[in-house]
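Asks: Let me see the structure of the following:
(chains A and B)
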Amino acid sequence: MCGELRAGDAGRQVVLMGWVNRRRDHGNLIFLDLRDRSGIAQVVLDHDLTPEGHAKGEQVRPEYVVAAVGKVRLRDQDAINPKMPTGEIEIEATEIRVLNDTRLAPFSPAEEAIQNEEVRLKYRYVDLRREEMQRNFRLRHQITLAIRESLSQQGFLEIETPILTKSTPEGARDFLVPSRIHPGEFYALPQSPQIFKQILMISGFDRYFQIARCFRDEDLRADRQLEFTQIDLEISFPRRETVFGVVEQFMQAAFAAAGVTLSIPFPRITYDEAMRRYGTDKPDPRLPGLTGVRAAFTDADLAALQIDPALPVVALRIPNVGELSRKQREENHPLFDLKKGAKFIDDFKRLAKGFPEAAVKVRELAGASDADFVIVVAGDPAHPIKASDTKFEGRLSEREINVYAAAGNFRSELAKKYADRHGAFRVTEETVAAAHARGPQDTVDGSRAFHPIWLTDFPMFEYDLASGKWVPAHHPFTAPYEADMANLTSDPASVRADCYDLAMNGLELGSGSIRIHRKDVQQQIFSSLGISDEEARARFGFFLDALEYGTPPHGGIALGLDRIVMLLAGAANLREVIAFPKTAKAIDLMAGAPTTVTEQQLRELHIRVARRE
RNA sequence: GGGGACGUAGCUCAGUUUGGUUAGAGCGCUGCCCUGUCACGGCAGAGGUCGCGGGUUCGAGCCCCGUCGUCCCCGCCA
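Replies: As a prediction, this is how the structure comes out:
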């Protein structure tokens, strides 16, 4: 292979096959950089040594596929290229064969990624030739392999579940597949293997896992694709600790495969605490959290500032942003989500004029230096949100959560925008770069760059104002805390779920729970959700049946493989670690999917399209 | 469904503020020259539906309306 040749190979007769990365024509001497999966080697075509080879070399263009026959030789001392792994040698070619020519590609894979992602995706096969993409997929392979091996060693069995199946109880829209054999009936693509893995527990496979493709027909985001891959697992007779331990093990192995040392166990935080400190259930501790600054203001201050005194008053701080002009601050305003019933104060000069003591105290409480940018976020009495005011001992109310969420959102948007100034994300970038440079044999410490956090104690229900009902915050097989069971009907908001999320650097990596394994409990949950027996039977009938046949206590989790790879690749979106991804509008620009189909196909499927532009 | 950014040569971008002759640059591409380059170098050249449609105007890359595409976010989604 091109990239593997070293000084020790000098004298070897070789045949190299690959793509022409670059060509440097010096007249009677031509250099071809030949590229394959392993890297790049320099091939020399000397007119004196091989006139025919040289003549062919003149015809060759970048991205031609060629075979070079020749001898590996050491370069002269002054011709050594220290920037290339193969820089000490070159191939003295005696023969060259053009295996294939090429149309001129719209961009060169020898260079950095072009800005135009539309073109990259359309010519994905060219884009994937780039070194960065080759590295991302090698990394993905290594991570997947490490996870499989870790789980296998921990006693898990990989079992496949159906792709053509019945709608599963996750909240997302299903992809439907019409049945030819059964007119008017449809399969659904799995949103996750949730029900099947629980049935596998009932079936006695006490430790199951699957690197499973999942499908959800929802709008896409930088970290969301229509189809994505989960590391899905389930355990019989578990405690929550069992699940945490298993995940920590394979996460450590996965990161090690990427050359990063991850220390375990991972820290934990409750949902309420995460909202208080970060304003989100996917905390990013690389930057300072939120600080409660209610104490900095007198009641009169709050009244004058038109701030709701009953709601949290918090400061968010982005280090080292420096002073922002009024125009710069105004450009940030659209980043603030006004729909959360909160407002913000980002003009500290003005605040200091009207409320000098408060301004000083806020910065002091937030631990801000002069260069740090501080914003106060608080409840806006002029624009209260519609929310349930139900509040339970020690728990956050919905209005409170919304103020924290507004602050947390603003914090993460500003953190993204001013990444160059605060430098907190650079730690991760540098760690990723170092890991890639050193390879998995020699790992780098990821403790400052990667921050895994377990989140626990989520509320079991959310109040849905539209329907006036309590709806499950998770899928309806999530077990409530036993201690909270008594409140199930009287105080649904106070019930906590025995479920957990794993977050890292502001991304949700996965979530899981201990499941309900008893039919009576399941029925209670359904009834508290206002799901009738009939409805439950229609939606999950076969599963409820299965529950009656000796279901062991069980629980598990599913983690997003794509997101893990994305973090370890240092990529900004999932498309960088998925070979053939879809655009934000759910289109495959290379394949051209989706498309219309022939009338014949529709007829066979008993489908008539109602309207088509 | 909503908000925002972007759309000019194959690619990266300037030109849009203040409408005015033939729309520019770098890279890439084509041809010629070059024996130690490695982002090779030199000379010459080709390459444009200014995303698309409509409007205003004597005149539109530039102003207005609509529309399409890509990206980010909200809604939606574990």
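Asks: Distance check, A:R317 against A:V14.
Replies: From A:R317 across to A:V14, the span is 59 Å (CB to CB, to the nearest Å). Glycine gets a C-beta too; all of them are placed from N, C-alpha and C.
Asks: which helices and strands does the helix or strand hosting A:L139 pack with?
Replies: Here A:L139 sits within helix A:131-153, counting by DSSP states H and E. When contacts are defined as 3 or more CB pairs under 8 Å, 6 or more residues apart in numbering; DSSP states H and E, helix A:131-153 packs onto strand A:157-158, strand A:207-215, strand A:227-236, helix A:240-257, helix A:561-569.
Asks: for that helix, which positions count as buried?
Replies: A:131-134, A:136-137, A:139-140, A:142-144, A:146-148, A:150-151 (16 or more other CB atoms under 10 Å).
Asks: what's the answer for stretch A:327-347, then?
Replies: Neighbour-count burial for stretch A:327-347 [16+ other CB under 10 Å]: A:N332, A:F336, A:D337, A:K340, A:G341, A:A342, A:K343, A:F344, A:I345, A:D346.
Asks: any idea which of those is closest to A:N116?
Replies: Of all these, A:N116 sits closest to A:N332, with 27.5 Å by CB to CB.
Asks: Report how many residues lie close to the one residue in the stretch 351-500 of chain A that gets nearest to RNA strand B.
Replies: RNA strand B sits closest to A:H474 of the stretch 351-500 of chain A, with a gap of 4.3 Å, by CB to the nearest atom of the strand. As a burial measure, A:H474 scores 22 neighbours (other CB atoms under 10 Å).
Asks: Skip the chain neighbours and tell me the closest residue to it.
Replies: Nearest non-adjacent residue to A:H474, counting by CB to CB, 6 or more residues apart in numbering: A:C499, 5.4 Å away.
Asks: buried ones in stretch A:523-535?
Replies: For stretch A:523-535, burial by neighbour count (16+ other CB under 10 Å) applies to A:Q523, A:Q524, A:I525, A:F526, A:S528, A:L529, A:I531.
Asks: Need those in JSON lines (columns: distance to A:F175, pLDDT and secondary structure).
Replies: JSON lines is the format used below for these (distance: CB to CB, whole Å; pLDDT from 0 to 100; DSSP: H, G, I helix; E, B strand; the rest coil):
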{"residue": "A:Q523", "distance to A:F175": "30", "pLDDT": "85", "secondary structure": "helix"}
{"residue": "A:Q524", "distance to A:F175": "32", "pLDDT": "85", "secondary structure": "helix"}
{"residue": "A:I525", "distance to A:F175": "27", "pLDDT": "85", "secondary structure": "helix"}
{"residue": "A:F526", "distance to A:F175": "26", "pLDDT": "83", "secondary structure": "helix"}
{"residue": "A:S528", "distance to A:F175": "30", "pLDDT": "79", "secondary structure": "helix"}
{"residue": "A:L529", "distance to A:F175": "25", "pLDDT": "76", "secondary structure": "coil"}
{"residue": "A:I531", "distance to A:F175": "24", "pLDDT": "78", "secondary structure": "coil"}
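Asks: now those residues in CSV, with distance to RNA strand B?
Replies: What follows is these, written out as CSV (distance: CB to the nearest atom of the strand, whole Å):
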residue, distance to RNA strand B
A:Q523, 22
A:Q524, 20
A:I525, 15
A:F526, 18
A:S528, 18
A:L529, 15
A:I531, 16
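Asks: Output the residues you listed in JSON lines; the columns should cover distance to A:W454.
Replies: Shown next, in JSON lines, are those (distance: CB to CB, whole Å):
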{"residue": "A:Q523", "distance to A:W454": "30"}
{"residue": "A:Q524", "distance to A:W454": "27"}
{"residue": "A:I525", "distance to A:W454": "24"}
{"residue": "A:F526", "distance to A:W454": "28"}
{"residue": "A:S528", "distance to A:W454": "27"}
{"residue": "A:L529", "distance to A:W454": "26"}
{"residue": "A:I531", "distance to A:W454": "30"}
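Asks: so where do the helices sit in the stretch 201-350 of chain A?
Replies: A:240-257, A:271-278, A:299-304, A:326-332, A:348-354 (DSSP state H, counting those that start in this stretch).
Asks: closest one to A:L290 among those helices?
Replies: helix A:271-278 (6.0 Å).
Asks: tell me what the closest one is packed against?
Replies: So helix A:271-278, by 3+ CB pairs under 8 Å, 6+ apart, packs with helix A:398-417, strand A:452-456.
Asks: export whichever helix or strand A:A358 is part of as CSV, just CAs?
Replies: Using DSSP H and E, A:A358 sits in helix A:356-366. Extracted in CSV, the C-alpha atoms of helix A:356-366 (Å, rounded to 0.1, in the frame of the first residue of the first chain):
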residue,chain,number,x,y,z
PRO,A,356,-24.7,50.1,40.4
GLU,A,357,-24.7,47.8,43.4
ALA,A,358,-26.7,45.1,41.7
ALA,A,359,-24.4,45.2,38.6
VAL,A,360,-21.3,44.8,40.7
LYS,A,361,-22.8,42.0,42.7
VAL,A,362,-24.0,40.1,39.7
ARG,A,363,-20.5,40.0,38.2
GLU,A,364,-19.1,39.1,41.6
LEU,A,365,-21.6,36.2,42.1
ALA,A,366,-20.9,34.9,38.6
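Asks: average pLDDT across that helix?
Replies: Averaging pLDDT along helix A:356-366 yields 94.
Asks: Now do the helix or strand just after it: everything it contacts.
Replies: The element immediately downstream of helix A:356-366 (helix or strand, assigned by DSSP H and E) is strand A:373-379. Defining contact as CB atoms under 8 Å, 6 or more residues apart in numbering, one finds that strand A:373-379 is touched by A:290, A:293, A:302, A:305, A:307-308, A:310-319, A:321-322, A:324, A:341-346, A:348, A:351, A:362-363, A:366, A:368, A:399, A:403, A:406-407, A:410, A:414, A:418.
Asks: quick one: contacts for the residue nearest to A:R97 when sequence neighbours are not counted?
Replies: Leaving aside its sequence neighbours, A:R97 sits nearest to A:A67 (CB to CB, 6+ apart; 4.4 Å). Listed by CB under 8 Å, 6+ apart, the contact set of A:A67 reads A:V15, A:L16, A:M17, A:I96, A:R97, A:L99.
Asks: if you set the cut-off to 7 Å instead, what comes out?
Replies: By CB atoms under 7 Å, 6 or more residues apart in numbering, A:A67 lies in contact with A:V15, A:M17, A:R97, A:L99.
Asks: Likewise for A:A358?
Replies: By CB under 7 Å, 6+ apart, A:A358 lies in contact with A:A296, A:F297, A:D301, A:L351.
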